[in-house]
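Chemist: the amino acid sequence is not available; the structure is as follows:
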């Protein structure tokens, strides 16, 4: 059992990769900021102080991280099993709406709270089941089916928001989650709610699932080598099913922690302004966190911090906060390169080969 | 009489909506035939809509389209380089492109003054041509011609055979003396340039403005169209028209309260995606992709 040494080396390697991509991302960002005539140093200073400078900033950063941890877990579970599950986006929409729908039943607040969370998880599972079934029985690649289902969910949400769950007083949004059925605020005056504990607990459970259960072992085996896993007698459909059940639960809960924990309206708006891209941002977070639950928590807080600090950057350095998303994209782009941390030595090796 | 007008209106509307989807999907067919699956098309359309609009304002409508084409080509080169020589993960690269483009365009729009919206002046827009069915964009003709040209390229030329070879069996292609990485790189970049042209068409010819959501999922719809067509450019034309028709129909229904109460537009908008899903599942027909699609080529 000497493999702890190897995993420790792998961890540093993974960490180095994220840091390399981050540094490249910030450099490219600085060049763009400079090219548009702003001051990159002032921008980054404001960004960091806005994100982590005081309790308010830090609370907002963690609040932004809350749903991102969950959608990142959705992607990470699949990625560990060699699958590319980008269905969190649509599953999160429906999870949020399922949580809202419980409000219509007018139950006692405590019961409503619990049922909303269960409904969100169920909605996530229901929306990811077709992906699992189509993959296991017809060999349909999950990227294709999740793209299609994300768009069906997109239009279904528009329909549900405007027709079924609509607030009779304000037609542009759904009814709000009842006062007692929300996640209480952890830091009053900020957006940070107790929902963060649900996210962190989910991360811990996903860790247990992947590294401490038999099916988790099968999942990792399939992620390393599909053929070897098949010869070892691992049943593919069980792994597929578990990936998409776990993925559906986490993505659905992502919708729940957002709509039940994020002030001030506790409702979903038509056009999905606040929840659009939470699924894809989660993918970025999973990549930066190297698809490990612990890494994901830190990456989500880091990324949530960029979103929170972006406002300060806009205020103090006049750099539009959308710059943050450019940084995100560039970082993900570079993380796609497997040997990123050795990228400079790759060039060197190429030279050696030609000699 | 008014019914005839209505049908012609829906038909020309569908043709205009067809253009960006068909152009993008035709390009992607070339890329996928060579083995590269680009889910960053959405971002490429978005960014090219922005650069195309600025190009048109600086040098005229035609050069605006060329600017879009060039933007698409450049982004295709980035995507292609990472996924050939650097053996990257194609899906992650594509997601990165999408995220960066969403941020870049929103950033650019704020920088230009009005957040979220930029109108292209009338004199910089591409002029429509008048035909028997009304005023239509000349880009419609380009869009009908391109899939035919690409079909001939892919299935009737030596270059097309090579492109399909690097997508199907890169090892064999390499042994046959084809530069796998280089051909894959230029196939995907050429494909992405059509997504760029599609983006420029949206801002310079069709909508006459740029917003931060102007691509509106068309990159993903194009991917669905490619799936629908099973990598046949001629079926891309058909699929593009069907998707364009549904997009146009949904917009039309959303403006008609009487129809809206019977069939909500949101449900019409879902239909193409469900149909595509059924096709991929083999319920209607069967599609097959190149064997080596999505995987980087590693030389032994």
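Modeler: Cool, got the structure. Here the structure is a predicted model, which means the values were calculated and not measured.
Chemist: quick one, helices of the stretch 101-250 of chain A?
Modeler: Along the stretch 101-250 of chain A, the stretches classed as helices by DSSP state H, counting those that start in this stretch are A:109-138, A:142-159, A:195-212, A:214-224, A:226-231, A:236-261.
Chemist: just checking, what packs against the third one?
Modeler: Helices and strands touching helix A:195-212, as assessed by 3 or more Cβ pairs under 8 Å, 6 or more residues apart in numbering or on different chains; DSSP states H and E, comprise helix A:55-80, helix A:214-224, helix A:236-261, helix A:293-317. Bear in mind the C-beta positions are built from the backbone N, C-alpha and C, glycine included.
Chemist: would you turn the ones you listed into a markdown table with mean neighbour count?
Modeler: Below are those laid out as a markdown table (neighbours: other Cβ atoms under 10 Å in any protein chain shown):
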| stretch | mean neighbour count |
| --- | --- |
| helix A:55-80 | 27 |
| helix A:214-224 | 18 |
| helix A:236-261 | 26 |
| helix A:293-317 | 22 |
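Chemist: circling back to that earlier point, what's the least confident stretch among the helices of the stretch 101-250 of chain A?
Modeler: Note on these: lowest mean pLDDT is at helix A:226-231, with a mean of 86.
Chemist: for that helix, which positions count as buried?
Modeler: Buried residues in helix A:226-231, counted by 16 or more other Cβ atoms under 10 Å in any protein chain shown: residue A:229.
Chemist: same question for stretch B:141-155.
Modeler: By neighbour count on 16+ other Cβ under 10 Å, the buried set for stretch B:141-155 is B:142-144, B:146-147, B:150-151, B:153-154.
Chemist: any idea which helix or strand carries the closest residue to chain A within the stretch 201-300 of chain B?
Modeler: Nearest to chain A, among the residues of the stretch 201-300 of chain B, is residue B:266, at 3.8 Å (Cβ to the nearest Cβ). Using DSSP states H and E, residue B:266 maps to helix B:265-280.
Chemist: how about residues contacting that helix?
Modeler: Residues outside helix B:265-280 that contact it (Cβ atoms under 8 Å, 6 or more residues apart in numbering or on different chains) are A:130, A:134, A:138, A:140, A:144-145, A:148-149, A:151-152, A:155-156, A:158-159, A:162, B:221, B:224-225, B:227-228, B:242-243, B:246-247, B:249-251, B:253-254, B:284-285, B:287.
Chemist: how big is the angle separating it from helix A:142-159?
Modeler: For helix B:265-280 against helix A:142-159, the angle by axes from the mean of the first three to the mean of the last three Cα atoms, to 10 degrees is 160 degrees.
Chemist: spell out which residues of the stretch 1-150 of chain A are next to chain B.
Modeler: A:32, A:36, A:84, A:86, A:130, A:134, A:138, A:140, A:143-145, A:147-150 (Cβ under 8 Å from any Cβ of the partner chain).
Chemist: so which of the residues you listed wins on neighbours?
Modeler: residue A:148 (29 neighbours; other Cβ atoms under 10 Å in any protein chain shown).
Chemist: so who does that one touch?
Modeler: Residues near residue A:148 by Cβ under 8 Å, 6+ apart: B:224, B:273-274, B:276-277, B:280.
Chemist: which of these count as buried?
Modeler: Listed as buried from these are B:224, B:273, B:276-277, B:280; burial here means 16+ other Cβ under 10 Å.
Chemist: re earlier: turn the contacts of residue A:148 into JSON lines, columns for pLDDT.
Modeler: Below are the contacts of residue A:148 laid out as JSON lines (pLDDT from 0 to 100):
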{"residue": "B:224", "pLDDT": "85"}
{"residue": "B:273", "pLDDT": "85"}
{"residue": "B:274", "pLDDT": "87"}
{"residue": "B:276", "pLDDT": "80"}
{"residue": "B:277", "pLDDT": "85"}
{"residue": "B:280", "pLDDT": "78"}
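Chemist: of the residues of the stretch 1-150 of chain A next to chain B, which pair is most distant in space?
Modeler: Largest separation among these by Cβ to Cβ: A:36 and A:138, giving 48.1 Å.
Chemist: give me the residue from the stretch 151-300 of chain A nearest chain B.
Modeler: Counting by Cβ to the nearest Cβ, the stretch 151-300 of chain A gets nearest chain B through residue A:159, at 3.8 Å.
Chemist: I'd say that residue and residue B:264 touch.
Modeler: Yes - the criterion here is Cβ atoms under 8 Å, and residue A:159 meets it with residue B:264 at 5.7 Å.
Chemist: just want to know which of these two has more residues nearby.
Modeler: For the pair residue A:159 and residue B:264, the greater number of neighbours falls to residue B:264 (19 against 16), based on other Cβ under 10 Å.
Chemist: quick one on the thing from earlier: neighbours around the nearest residue to the residue of the stretch 151-300 of chain A closest to chain B once chain neighbours are set aside, how many?
Modeler: Leaving aside its chain neighbours, residue A:159 sits nearest to residue B:266 (3.8 Å; criterion: Cβ to Cβ, 6 or more residues apart in numbering or on different chains). For residue B:266, the neighbour count with other Cβ under 10 Å is 22.
Chemist: can you pull the contacts of the residue nearest to residue B:75 when sequence neighbours are not counted?
Modeler: Spatially, and ignoring its direct neighbours in sequence, residue B:75 is nearest to residue B:44 (4.9 Å; Cβ to Cβ, 6+ apart). Contacts for residue B:44 (Cβ under 8 Å, 6+ apart) come out as B:38, B:71-72, B:75-76, B:97, B:101, B:192, B:195-196, B:199, B:219.
Chemist: residues contacting the residue most central in space within chain A?
Modeler: Nearest to the geometric centre of chain A sits residue A:282, at 2.0 Å (Cα atoms, centre = their mean). Applying Cβ under 8 Å, 6+ apart, we find residue A:282 in contact with A:67-75, A:88, A:254.
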